[in-house]
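K.L.:
Provide a 3D model corresponding to the input given below.
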Amino acid sequence: MEDRYGRTIDYMRVSVTDRCNLNCRYCMPDTILQAPDSRLLTDEELVRICRVAAQDGITRFKITGGEPLVRAGCAKLVGTLKKIPGVRQVTLTTNGVLLLQQLEQLLENGLDAVNVSLDTLCPQRYEFLTGNNELARVLEGIYQAVDAGLPVKLNSVLIKGLNDDEWQSLTELTKTLPVDVRFIEMMPIGAGAAYEPGAYNDGLLQKLRACYPGICSDPRIHGNGPAVYYQIPGALGSIGFISAMHGKFCDNCNRLRLTARGALKPCLCYGDSVDLMPILRGSKGRMAEPPDLRGQEMTIEKKLQAAFQQAVVKKPAMHCFEKAAEVTETGSMFQIGG
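P.N.:
Numbering: from 1, shown residues only. As a prediction, the model looks like this:
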(Lines give C-alpha, C1' and ligand atoms only; values in the text may rest on other atoms or scores of the structure.)
Protein backbone atom coordinates (compact mmCIF):
# COMPACT_ATOMS: atom_id res chain seq x y z
CA MET A 1 0.00 0.00 0.00
CA GLU A 2 1.09 3.53 -0.68
CA ASP A 3 -0.28 6.63 1.04
CA ARG A 4 -0.93 10.11 -0.36
CA TYR A 5 2.66 11.14 0.32
CA GLY A 6 4.30 8.27 -1.54
CA ARG A 7 5.21 6.29 1.59
CA THR A 8 5.04 2.51 1.39
CA ILE A 9 2.94 1.10 4.24
CA ASP A 10 4.24 -2.40 4.99
CA TYR A 11 4.33 -2.62 8.80
CA MET A 12 1.53 -2.94 11.37
CA ARG A 13 1.59 -2.87 15.14
CA VAL A 14 -1.08 -5.24 16.46
CA SER A 15 -2.31 -4.77 20.03
CA VAL A 16 -3.74 -8.03 21.35
CA THR A 17 -4.89 -6.74 24.75
CA ASP A 18 -5.22 -3.59 26.83
CA ARG A 19 -4.42 -5.49 30.01
CA CYS A 20 -1.07 -5.43 31.76
CA ASN A 21 0.61 -7.01 34.79
CA LEU A 22 2.36 -3.72 35.63
CA ASN A 23 1.10 -0.26 36.51
CA CYS A 24 3.79 1.94 35.03
CA ARG A 25 3.28 5.52 36.13
CA TYR A 26 3.45 7.05 32.67
CA CYS A 27 1.33 4.40 30.96
CA MET A 28 -1.38 2.67 33.02
CA PRO A 29 -2.49 4.34 36.27
CA ASP A 30 -4.36 2.09 38.71
CA THR A 31 -7.63 3.92 38.23
CA ILE A 32 -8.01 3.15 34.50
CA LEU A 33 -10.32 0.28 33.62
CA GLN A 34 -9.68 -2.10 30.76
CA ALA A 35 -12.27 -3.19 28.22
CA PRO A 36 -14.26 -6.37 28.91
CA ASP A 37 -13.14 -9.45 27.01
CA SER A 38 -16.16 -9.22 24.71
CA ARG A 39 -14.91 -5.85 23.41
CA LEU A 40 -11.51 -7.21 22.39
CA LEU A 41 -10.67 -8.88 19.10
CA THR A 42 -10.65 -12.67 19.22
CA ASP A 43 -7.77 -14.72 17.85
CA GLU A 44 -9.85 -15.54 14.79
CA GLU A 45 -10.60 -11.87 14.16
CA LEU A 46 -6.98 -10.86 14.62
CA VAL A 47 -5.80 -13.48 12.15
CA ARG A 48 -8.51 -12.54 9.68
CA ILE A 49 -7.48 -8.88 9.78
CA CYS A 50 -3.80 -9.75 9.44
CA ARG A 51 -4.47 -11.98 6.45
CA VAL A 52 -6.13 -9.08 4.66
CA ALA A 53 -3.30 -6.78 5.74
CA ALA A 54 -0.77 -9.19 4.26
CA GLN A 55 -2.72 -9.35 1.00
CA ASP A 56 -2.53 -5.54 0.88
CA GLY A 57 1.24 -5.47 1.38
CA ILE A 58 1.84 -5.59 5.13
CA THR A 59 4.84 -7.88 5.52
CA ARG A 60 5.84 -7.26 9.15
CA PHE A 61 3.79 -7.37 12.33
CA LYS A 62 4.67 -6.18 15.84
CA ILE A 63 2.59 -7.78 18.61
CA THR A 64 1.91 -5.27 21.40
CA GLY A 65 -0.49 -4.55 24.25
CA GLY A 66 -1.03 -3.65 27.09
CA GLU A 67 1.22 -6.55 27.88
CA PRO A 68 0.75 -9.09 25.08
CA LEU A 69 2.04 -12.07 27.07
CA VAL A 70 -0.87 -11.83 29.53
CA ARG A 71 -3.16 -12.85 26.67
CA ALA A 72 -3.65 -16.60 26.62
CA GLY A 73 -2.15 -18.21 23.54
CA CYS A 74 -0.01 -15.25 22.51
CA ALA A 75 2.86 -17.48 21.40
CA LYS A 76 0.52 -19.60 19.30
CA LEU A 77 -0.85 -16.44 17.69
CA VAL A 78 2.72 -15.49 16.73
CA GLY A 79 3.08 -18.84 14.99
CA THR A 80 -0.22 -18.45 13.15
CA LEU A 81 0.72 -15.00 11.85
CA LYS A 82 4.12 -16.30 10.74
CA LYS A 83 2.36 -18.80 8.46
CA ILE A 84 0.32 -16.18 6.60
CA PRO A 85 1.56 -15.95 2.99
CA GLY A 86 3.63 -12.82 2.45
CA VAL A 87 4.53 -12.29 6.12
CA ARG A 88 8.27 -11.87 6.54
CA GLN A 89 8.55 -11.02 10.22
CA VAL A 90 6.61 -11.18 13.49
CA THR A 91 8.12 -9.47 16.54
CA LEU A 92 6.94 -8.67 20.05
CA THR A 93 7.05 -5.78 22.50
CA THR A 94 6.82 -6.80 26.17
CA ASN A 95 7.58 -5.57 29.67
CA GLY A 96 9.52 -8.79 30.12
CA VAL A 97 7.85 -10.06 33.30
CA LEU A 98 6.55 -13.20 31.53
CA LEU A 99 9.29 -13.44 28.89
CA LEU A 100 11.36 -16.09 30.68
CA GLN A 101 8.26 -18.22 31.30
CA GLN A 102 7.08 -18.10 27.67
CA LEU A 103 10.38 -17.79 25.81
CA GLU A 104 10.54 -21.42 24.71
CA GLN A 105 7.02 -21.28 23.26
CA LEU A 106 7.74 -18.00 21.49
CA LEU A 107 10.88 -19.43 19.92
CA GLU A 108 9.06 -22.60 18.88
CA ASN A 109 6.47 -20.43 17.11
CA GLY A 110 9.11 -18.53 15.18
CA LEU A 111 9.27 -15.16 16.93
CA ASP A 112 11.80 -13.05 15.03
CA ALA A 113 12.77 -10.48 17.69
CA VAL A 114 11.66 -8.98 20.99
CA ASN A 115 11.60 -5.46 22.45
CA VAL A 116 11.64 -5.24 26.25
CA SER A 117 10.71 -2.10 28.19
CA LEU A 118 13.44 -1.38 30.75
CA ASP A 119 13.56 2.08 32.32
CA THR A 120 15.81 1.34 35.27
CA LEU A 121 18.34 -1.16 36.60
CA CYS A 122 17.59 -0.26 40.23
CA PRO A 123 15.16 -2.68 41.94
CA GLN A 124 13.72 0.00 44.22
CA ARG A 125 13.12 2.38 41.35
CA TYR A 126 11.68 -0.41 39.23
CA GLU A 127 9.10 -1.16 41.90
CA PHE A 128 8.27 2.55 42.26
CA LEU A 129 7.88 3.04 38.50
CA THR A 130 5.97 -0.18 37.76
CA GLY A 131 4.30 -1.27 40.99
CA ASN A 132 6.11 -4.60 40.66
CA ASN A 133 9.29 -6.07 42.15
CA GLU A 134 10.15 -8.50 39.33
CA LEU A 135 13.18 -6.70 37.88
CA ALA A 136 15.38 -9.76 38.43
CA ARG A 137 12.96 -11.91 36.44
CA VAL A 138 12.85 -9.36 33.63
CA LEU A 139 16.65 -9.26 33.43
CA GLU A 140 16.87 -13.04 33.42
CA GLY A 141 14.38 -13.17 30.55
CA ILE A 142 16.54 -10.72 28.62
CA TYR A 143 19.69 -12.76 29.24
CA GLN A 144 17.99 -16.00 28.22
CA ALA A 145 16.57 -14.43 25.05
CA VAL A 146 20.05 -13.19 24.11
CA ASP A 147 21.56 -16.62 24.83
CA ALA A 148 18.91 -18.19 22.59
CA GLY A 149 20.02 -15.97 19.72
CA LEU A 150 16.85 -13.87 19.64
CA PRO A 151 17.50 -10.23 18.60
CA VAL A 152 16.71 -8.05 21.63
CA LYS A 153 16.02 -4.33 21.94
CA LEU A 154 15.62 -2.57 25.29
CA ASN A 155 13.30 0.45 25.31
CA SER A 156 13.99 3.13 27.94
CA VAL A 157 12.05 6.30 28.74
CA LEU A 158 13.94 8.78 30.90
CA ILE A 159 11.78 10.83 33.29
CA LYS A 160 13.07 13.89 35.09
CA GLY A 161 13.77 13.20 38.75
CA LEU A 162 12.86 9.52 38.52
CA ASN A 163 15.42 7.73 36.35
CA ASP A 164 17.12 10.35 34.18
CA ASP A 165 20.46 9.72 35.89
CA GLU A 166 20.55 6.12 34.60
CA TRP A 167 21.33 6.88 30.96
CA GLN A 168 24.92 5.74 31.40
CA SER A 169 24.19 2.52 33.27
CA LEU A 170 21.65 1.57 30.62
CA THR A 171 24.11 2.47 27.87
CA GLU A 172 26.78 0.28 29.50
CA LEU A 173 24.59 -2.78 28.80
CA THR A 174 25.60 -2.50 25.15
CA LYS A 175 29.21 -3.17 26.05
CA THR A 176 28.59 -6.69 27.31
CA LEU A 177 25.32 -7.69 25.62
CA PRO A 178 24.50 -7.74 21.88
CA VAL A 179 21.37 -5.65 22.46
CA ASP A 180 20.10 -2.30 21.24
CA VAL A 181 19.35 0.12 24.08
CA ARG A 182 16.89 2.68 22.71
CA PHE A 183 16.07 5.94 24.44
CA ILE A 184 12.52 7.02 23.61
CA GLU A 185 11.42 10.60 24.14
CA MET A 186 8.31 10.87 26.31
CA MET A 187 5.26 11.65 24.17
CA PRO A 188 2.24 13.65 25.40
CA ILE A 189 -0.11 10.68 25.23
CA GLY A 190 -2.29 9.53 28.14
CA ALA A 191 -0.63 9.57 31.56
CA GLY A 192 2.72 10.35 29.93
CA ALA A 193 1.58 13.92 29.29
CA ALA A 194 1.94 14.66 33.02
CA TYR A 195 5.66 13.83 33.16
CA GLU A 196 8.62 15.95 32.20
CA PRO A 197 11.24 14.21 30.06
CA GLY A 198 14.55 13.55 31.76
CA ALA A 199 16.39 14.56 28.60
CA TYR A 200 15.65 15.05 24.96
CA ASN A 201 17.73 12.87 22.70
CA ASP A 202 19.84 15.63 21.19
CA GLY A 203 21.05 16.58 24.68
CA LEU A 204 21.50 12.94 25.62
CA LEU A 205 23.67 12.36 22.57
CA GLN A 206 25.91 15.24 23.68
CA LYS A 207 26.33 13.56 27.07
CA LEU A 208 27.19 10.28 25.38
CA ARG A 209 29.75 11.94 23.13
CA ALA A 210 31.41 13.50 26.18
CA CYS A 211 31.43 10.18 28.06
CA TYR A 212 32.39 8.00 25.08
CA PRO A 213 34.52 10.13 22.72
CA GLY A 214 34.77 7.38 20.13
CA ILE A 215 31.02 6.89 19.74
CA CYS A 216 30.04 6.81 16.08
CA SER A 217 26.99 6.49 13.89
CA ASP A 218 25.74 2.95 13.25
CA PRO A 219 24.14 2.92 9.77
CA ARG A 220 23.01 -0.71 9.90
CA ILE A 221 19.28 -1.48 9.67
CA HIS A 222 18.16 -2.62 13.12
CA GLY A 223 14.45 -3.17 12.56
CA ASN A 224 11.25 -1.58 11.33
CA GLY A 225 11.16 1.59 13.39
CA PRO A 226 12.50 5.15 13.21
CA ALA A 227 15.41 4.82 15.66
CA VAL A 228 18.76 6.40 14.78
CA TYR A 229 21.66 4.28 16.05
CA TYR A 230 25.15 4.86 17.43
CA GLN A 231 27.80 2.48 18.75
CA ILE A 232 30.56 2.70 21.30
CA PRO A 233 33.82 1.26 19.89
CA GLY A 234 34.16 -2.38 20.89
CA ALA A 235 30.59 -2.63 22.20
CA LEU A 236 28.54 -5.71 21.36
CA GLY A 237 25.33 -3.71 21.01
CA SER A 238 24.18 -0.29 19.87
CA ILE A 239 22.39 2.77 21.25
CA GLY A 240 19.23 3.97 19.54
CA PHE A 241 17.28 7.22 19.73
CA ILE A 242 13.57 7.49 18.98
CA SER A 243 13.08 11.23 18.96
CA ALA A 244 9.37 11.77 18.50
CA MET A 245 9.47 15.23 20.04
CA HIS A 246 12.58 16.75 18.45
CA GLY A 247 13.50 14.60 15.49
CA LYS A 248 10.54 13.99 13.22
CA PHE A 249 10.76 10.79 11.24
CA CYS A 250 7.38 11.07 9.52
CA ASP A 251 8.83 11.20 6.01
CA ASN A 252 9.66 7.50 6.32
CA CYS A 253 6.68 6.35 8.39
CA ASN A 254 5.60 2.93 7.13
CA ARG A 255 3.07 1.83 9.74
CA LEU A 256 -0.50 1.38 10.79
CA ARG A 257 -1.72 0.44 14.27
CA LEU A 258 -4.49 -1.98 15.19
CA THR A 259 -5.90 -1.63 18.70
CA ALA A 260 -7.20 -4.57 20.70
CA ARG A 261 -10.71 -3.17 20.23
CA GLY A 262 -10.46 -3.24 16.45
CA ALA A 263 -9.59 0.37 15.63
CA LEU A 264 -7.18 0.79 12.74
CA LYS A 265 -5.09 3.89 13.44
CA PRO A 266 -3.10 5.76 10.78
CA CYS A 267 -1.05 7.80 13.30
CA LEU A 268 -0.34 7.61 17.02
CA CYS A 269 -0.68 11.36 17.45
CA TYR A 270 -4.26 11.80 16.25
CA GLY A 271 -7.60 10.33 17.28
CA ASP A 272 -8.61 9.36 13.74
CA SER A 273 -9.21 5.65 13.20
CA VAL A 274 -11.24 3.20 11.15
CA ASP A 275 -13.43 0.84 13.19
CA LEU A 276 -13.21 -2.75 11.98
CA MET A 277 -15.66 -4.18 14.53
CA PRO A 278 -18.84 -3.48 12.51
CA ILE A 279 -17.31 -5.33 9.58
CA LEU A 280 -16.37 -8.33 11.69
CA ARG A 281 -19.38 -8.51 14.00
CA GLY A 282 -22.16 -6.60 12.31
CA SER A 283 -24.67 -4.40 14.07
CA LYS A 284 -25.25 -6.90 16.90
CA GLY A 285 -21.67 -6.60 18.10
CA ARG A 286 -21.00 -10.34 17.97
CA MET A 287 -18.30 -12.08 16.00
CA ALA A 288 -19.54 -13.12 12.57
CA GLU A 289 -20.01 -16.87 12.20
CA PRO A 290 -17.81 -18.55 9.58
CA PRO A 291 -19.91 -18.14 6.40
CA ASP A 292 -21.15 -21.03 4.34
CA LEU A 293 -21.01 -19.14 1.06
CA ARG A 294 -17.82 -17.94 -0.59
CA GLY A 295 -19.61 -14.75 -1.65
CA GLN A 296 -20.30 -13.75 1.93
CA GLU A 297 -16.69 -14.44 2.86
CA MET A 298 -15.46 -12.24 0.05
CA THR A 299 -17.81 -9.46 1.09
CA ILE A 300 -16.23 -9.32 4.54
CA GLU A 301 -12.71 -9.51 3.13
CA LYS A 302 -13.41 -6.75 0.63
CA LYS A 303 -14.84 -4.55 3.38
CA LEU A 304 -11.68 -5.08 5.41
CA GLN A 305 -9.57 -4.23 2.38
CA ALA A 306 -11.57 -1.04 1.87
CA ALA A 307 -11.06 -0.17 5.55
CA PHE A 308 -7.30 -0.54 5.13
CA GLN A 309 -7.35 1.74 2.12
CA GLN A 310 -9.41 4.26 4.10
CA ALA A 311 -6.88 4.20 6.95
CA VAL A 312 -3.99 4.71 4.54
CA VAL A 313 -5.77 7.69 2.97
CA LYS A 314 -6.25 9.18 6.45
CA LYS A 315 -2.55 8.94 7.23
CA PRO A 316 -1.29 12.49 7.88
CA ALA A 317 1.89 14.01 6.50
CA MET A 318 3.38 14.27 9.99
CA HIS A 319 2.59 14.14 13.70
CA CYS A 320 2.48 17.17 16.00
CA PHE A 321 3.84 15.84 19.30
CA GLU A 322 5.91 18.98 19.71
CA LYS A 323 2.62 20.94 19.89
CA ALA A 324 0.75 19.13 22.65
CA ALA A 325 -2.38 21.26 22.23
CA GLU A 326 -2.82 19.91 18.69
CA VAL A 327 -2.60 16.24 19.68
CA THR A 328 -6.12 14.81 19.31
CA GLU A 329 -5.48 11.26 20.59
CA THR A 330 -7.25 10.96 23.95
CA GLY A 331 -6.51 7.30 24.67
CA SER A 332 -3.64 5.89 26.71
CA MET A 333 -0.68 4.00 25.29
CA PHE A 334 -1.90 0.67 26.64
CA GLN A 335 -5.22 1.18 24.83
CA ILE A 336 -3.60 2.24 21.55
CA GLY A 337 -0.80 -0.31 21.42
CA GLY A 338 2.04 2.23 21.41
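K.L.:
For residue 184, list each beta-bridge partner.
P.N.:
residue 242 (DSSP bridges).
K.L.:
quick one: it from residue 87, how far?
P.N.:
Computed with CB to CB, to the nearest Å, the distance linking residue 184 and residue 87 is 26 Å. Just so you know, the C-beta spots here come from the backbone N, C-alpha and C atoms, and that holds for glycine as well.
K.L.:
Which one of those two is surrounded by more residues?
P.N.:
The neighbour count for residue 184 versus residue 87, taken as other CB atoms under 10 Å, is higher for residue 184 (22 against 18).
K.L.:
neighbours of residue 236, just the number please.
P.N.:
With other CB under 10 Å as criterion, residue 236 counts 14.
K.L.:
again with residue 122
P.N.:
Residues near residue 122, counting by other CB under 10 Å: 15.
K.L.:
pretty sure it contacts residue 170?
P.N.:
No: using CB atoms under 8 Å, residue 122 is not in contact with residue 170; the gap is 10.8 Å.
K.L.:
Run through the strands of this structure in chain order.
P.N.:
Assigned by DSSP state E, the chain shows strands spanning 11-15, 60-64, 89-94, 113-117, 152-156, 180-184, 216-217, 228-231, 238-242, 255-258, 263-265, 274-275.
K.L.:
For the first one, name the packing helices and strands.
P.N.:
Where contact means 3 or more CB pairs under 8 Å, 6 or more residues apart in numbering; DSSP states H and E, strand 11-15 is packed against helix 43-55, strand 60-64, strand 255-258.
K.L.:
Could you export these to a markdown table, including columns for mean neighbour count?
P.N.:
Below are the helices and strands packed on strand 11-15 laid out as a markdown table (neighbours: other CB atoms under 10 Å):
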| stretch | mean neighbour count |
| --- | --- |
| helix 43-55 | 20 |
| strand 60-64 | 25 |
| strand 255-258 | 24 |
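K.L.:
Turn these into a markdown table, columns for mean pLDDT.
P.N.:
Shown next, in a markdown table, are the helices and strands packed on strand 11-15 (pLDDT from 0 to 100):
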| stretch | mean pLDDT |
| --- | --- |
| helix 43-55 | 97 |
| strand 60-64 | 98 |
| strand 255-258 | 95 |
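K.L.:
could you dump these to JSON lines with distance to residue 206?
P.N.:
Below are these laid out as JSON lines (distance: least, CB to CB, whole Å):
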{"stretch": "helix 43-55", "distance to residue 206": "40"}
{"stretch": "strand 60-64", "distance to residue 206": "30"}
{"stretch": "strand 255-258", "distance to residue 206": "29"}
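K.L.:
Of these, which is nearest residue 20?
P.N.:
Closest of the helices and strands packed on strand 11-15 to residue 20 is strand 60-64, at 10.9 Å (criterion: CB to CB).
K.L.:
Just want the angle from that closest one to helix 43-55.
P.N.:
Strand 60-64 and helix 43-55 are oriented at 150 degrees to each other (axes from the mean of the first three to the mean of the last three CA atoms, to 10 degrees).
K.L.:
which neighbours does strand 60-64 have in its sheet, and in what orientation?
P.N.:
Here, using DSSP bridges, strand 60-64 pairs with strand 11-15 (parallel), strand 89-94 (parallel).
K.L.:
between that strand and strand 113-117, how many degrees?
P.N.:
Here strand 60-64 runs at an angle of 30 degrees relative to strand 113-117 (the same axes, to 10 degrees).
K.L.:
hey, what's residue 274 bridged with?
P.N.:
Judged by DSSP bridges, the bridge partners of residue 274 are residue 264.
K.L.:
Provide the count of other residues in contact range of residue 120.
P.N.:
Neighbours around residue 120, by other CB under 10 Å: 22.
K.L.:
do residue 227 as well
P.N.:
21.
K.L.:
my guess is residue 112 meets residue 79, correct?
P.N.:
No: using CB under 8 Å, residue 112 makes no contact with residue 79, being 11.6 Å away.
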